[in-house]
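A.B. asks: Test case, fold it:
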Amino acid sequence: MKSCRRQCGQCAVRRFGQSLAVVAALSGLDLACPNAAFGQANTVFRWGTGDGGETKNAAEKLAEPLVTDRPDFTEASSTVGLGVFQIEGGYTYSYDATATSSTKGHSYPETLFRYGVFAEWLEARVAWNYASVGETEFGGNRTSDAGAEPLYLGLKIALTGQEGLLPEMALMPQMTVPTGPAQFGGDETLPGLGWLYGWDLNDWLSFGGETQANRALDETTANPYLEFAQSLTVGYQLHDRIGAYTEWFVIAPDGADVDHTQNYFNTGLTFLLNDNLQFDIRYGVGLNEAADDYFTGSGLSWRL
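C.D. replies: This next block holds a predicted model:
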């Protein structure tokens, strides 16, 4: 039965590849490998020859330093690789103050499970987090809420590798399902889609971005609306095992009753303890009144 399931999975990948051949023909992209080896290609499409369409075995993948989705807002435009399991998590403290009150937030363990399934270019994603928020009225009462946030489920599909000015890209269909208290996500399934893109400019400088559109619920009225998010990040390789980034991102509601657009700037450092283990720290500030005043945190990523 085990070998039969594996064979069926490979057949499904090949059938998916055949259908993508039509998309490739219409878009002008080349399909990375429209044959039985399609599942071993690093990306679904390729801009030309010699980019992300080439194959790598598991040993070659694991010999490279891991690439993580944290600590910045922008996720990596690459997948972990077939059969590779990666865990990322951390803690974030946030603070915001108005003329009448202050709000402190704690977010942990920010766990993201990433696993390469069926093909090198396909990644399954599950995330779980717990949040605690306390509000203190100046000269008055203090209120607090705590609970599990909605469970996150998603896929990451590596579309292309980089070729010159043409970017490395990935698509990320995703959703949250109600698994916790109503004040931390309501009682609706909220689907969304993310588009990731990036460029390695040279050995020490990279640039990337993420564009998202997700269904969301207003924090005050719980009515649904469409939420857009955009980020731009610059990465710096300071040392073989030390990296840094600076980033801007915005969360913009469209049709919300009360929720407002939030702009942020943040920066951070990553420390590669070995090829499979990375520690990170970050700090960010809000750029407008609706955003939190600041946030800070740290995390750990581990590739098994």
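A.B. asks: Might you report the residue contacts of the closest residue to Ser144 other than its chain neighbours?
C.D. replies: Among residues not flanking Ser144 along the chain, Gly134 sits closest, at 4.1 Å (Cβ to Cβ, 6 or more residues apart in numbering). Quick note: C-beta positions are derived from backbone N, CA and C, even for glycine. Taking Cβ atoms under 8 Å, 6 or more residues apart in numbering, we find Gly134 in contact with 103-105, 142-145.
A.B. asks: in its sheet, what does the helix or strand containing Gly134 sit against?
C.D. replies: Assigned by DSSP states H and E, Gly134 belongs to strand 122-137. Note on strand 122-137: by DSSP bridges, its sheet partners are strand 101-116 (antiparallel), strand 142-148 (antiparallel), strand 151-160 (antiparallel).
A.B. asks: thinking again about what came up before, take the contacts of Gly134 and write them to a markdown table, including pLDDT and neighbour count.
C.D. replies: As requested, those are exported to a markdown table (pLDDT from 0 to 100; neighbours: other Cβ atoms under 10 Å):
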| residue | pLDDT | neighbour count |
| --- | --- | --- |
| Thr103 | 96 | 16 |
| Lys104 | 97 | 16 |
| Gly105 | 97 | 17 |
| Arg142 | 89 | 10 |
| Thr143 | 89 | 12 |
| Ser144 | 88 | 10 |
| Asp145 | 89 | 13 |
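A.B. asks: Of those, which is the nearest to Ala256?
C.D. replies: Comparing the contacts of Gly134 against Ala256 with Cβ to Cβ places Thr103 closest, at 18.8 Å.
A.B. asks: for the closest one, which residues make a bridge with it?
C.D. replies: Asp96, Glu135.
A.B. asks: List the residues that contact it.
C.D. replies: Thr103 neighbours (Cβ under 8 Å, 6+ apart): 94-97, 133-136, 292.
A.B. asks: Relative to Leu300, which of the residues you listed is nearest.
C.D. replies: Among the contacts of Thr103, and counting by Cβ to Cβ, the member closest to Leu300 is Ser94, at 19.5 Å.
A.B. asks: measure the spatially most central residue of the chain to Leu112 for me?
C.D. replies: Nearest to the geometric centre of the chain sits Glu75, at 3.7 Å (Cα atoms, centre = their mean). Noted for Glu75: a distance of 9 Å to Leu112, by Cβ to Cβ, to the nearest Å.
A.B. asks: Now for those two: what residues contact both?
C.D. replies: Common neighbours of Glu75 and Leu112, using Cβ under 8 Å, 6+ apart, are Asp69.
A.B. asks: on that earlier part again, can you name the two of the contacts of Gly134 that are farthest apart?
C.D. replies: Farthest apart among the contacts of Gly134 by Cβ to Cβ are Gly105 and Arg142. That separation is 13.9 Å.
A.B. asks: tell me the mean pLDDT for stretch 62-82?
C.D. replies: Here stretch 62-82 scores 92 as its mean pLDDT.
A.B. asks: buried set for that stretch?
C.D. replies: 62, 66, 68-82 (16 or more other Cβ atoms under 10 Å).
A.B. asks: how far does it sit from the chain's center?
C.D. replies: 9 Å (Cα atoms, centre = their mean, to the nearest Å).
A.B. asks: ok, back up a step: looking at the contacts of Thr103, which one is closest to Gln86?
C.D. replies: For these, the nearest to Gln86 is Ser94 (25.5 Å; Cβ to Cβ).
A.B. asks: okay, the contacts of Gly134 in JSON lines with distance to Pro167 next?
C.D. replies: Compiled in JSON lines, those are given as follows (distance: Cβ to Cβ, whole Å):
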{"residue": "Thr103", "distance to Pro167": "38"}
{"residue": "Lys104", "distance to Pro167": "39"}
{"residue": "Gly105", "distance to Pro167": "34"}
{"residue": "Arg142", "distance to Pro167": "48"}
{"residue": "Thr143", "distance to Pro167": "45"}
{"residue": "Ser144", "distance to Pro167": "43"}
{"residue": "Asp145", "distance to Pro167": "40"}
